[in-house]
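Student: Okay, here's the prediction I keep looking at, along with the sequence it came from:
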Amino acid sequence: MHTTWSSGNAPNHYHFVGADLKKAVNAITVKFSNRIDGAVRNEHPTKFRVYACNDAQVAADTVADGASWKWMGDMSATLANDTIADTWVASIDFDDAYQFVRLDVIETANNKSIAPSGGDAYPFFYISELGIYEATYDPANSPFASVPEADGQALADALADAA
């Protein structure tokens, strides 16, 4: 699948994917593959702006129109499997349990851009497969809060350097 790439036909907001998870969850993992057609495709999402709620109109054009949407944060996709059909993964924890999610694609691999001023098209994207899964994060039993912030940052820096 791909979103509209022609600025004359593109919506005046980020291209997005919405989903009904069928039950309220505290965290999600998103997994997707590049578009597969024999050519290199770099228009895959690299950064999502994540919204969630429990009474969504998933097809709504903008989050501003649906007052129930709550911003959960931004998440960046990382390469999970480097094959001809590169597989990317991203995860995010929620502040509460939500049934509906909306993933606005705010950056892609080829241009890493948001919509420029002047009304040009927002970043379009290609993907061949998409899965949105309940993540296993359990805030009540997570040891994350007990890790000193400096140690967490040191680990993040080491992983970034290793990549």
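Tutor: Here it is on my side, so go on.
Student: Local confidence estimate at Ala158?
Tutor: For Ala158, the model assigns a pLDDT of 89.
Student: Check Tyr51 too.
Tutor: Tyr51 is given a pLDDT of 91.
Student: ok, now Ala115?
Tutor: Here the pLDDT value assigned to Ala115 is 55.
Student: same check, this time on Asp151
Tutor: For Asp151, the predicted pLDDT is 82.
Student: Doesn't it belong to a helix?
Tutor: Yes - using DSSP: H, G, I helix; E, B strand; the rest coil, the assignment for Asp151 is a helix.
Student: elements contacting the one helix or strand in the chain whose mean pLDDT sits lowest?
Tutor: Least confident helix or strand of the chain, by mean pLDDT, DSSP states H and E, is strand 78-81 with a mean of 81. Helices and strands touching strand 78-81, as assessed by 3 or more C-beta pairs under 8 Å, 6 or more residues apart in numbering; DSSP states H and E, comprise strand 87-108. In this view, the C-beta of every residue, glycine as well, is placed from N, C-alpha and C.
Student: Pull up the pairing partners for the strand it packs on, direction included.
Tutor: The strands beside strand 87-108 in its sheet (DSSP bridges) come out as strand 16-33 (antiparallel), strand 45-53 (antiparallel), strand 78-81 (antiparallel).
Student: Switch the ones you listed over to TSV; also include mean neighbour count and distance to Asp161.
Tutor: Listed next are the strands paired with strand 87-108 as TSV, based on neighbours: other C-beta atoms under 10 Å; distance: least, C-beta to C-beta, whole Å:
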stretch	mean neighbour count	distance to Asp161
strand 16-33	17	24
strand 45-53	22	19
strand 78-81	12	15
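Student: Tell me which of those strands sits nearest to Phe124.
Tutor: strand 45-53 (10.2 Å; C-beta to C-beta).
Student: Show the average pLDDT along the following helix or strand past that closest one.
Tutor: Downstream of strand 45-53, the first helix or strand assigned by DSSP states H and E is strand 70-76. Rounded to a whole number, the mean pLDDT of strand 70-76 is 91.
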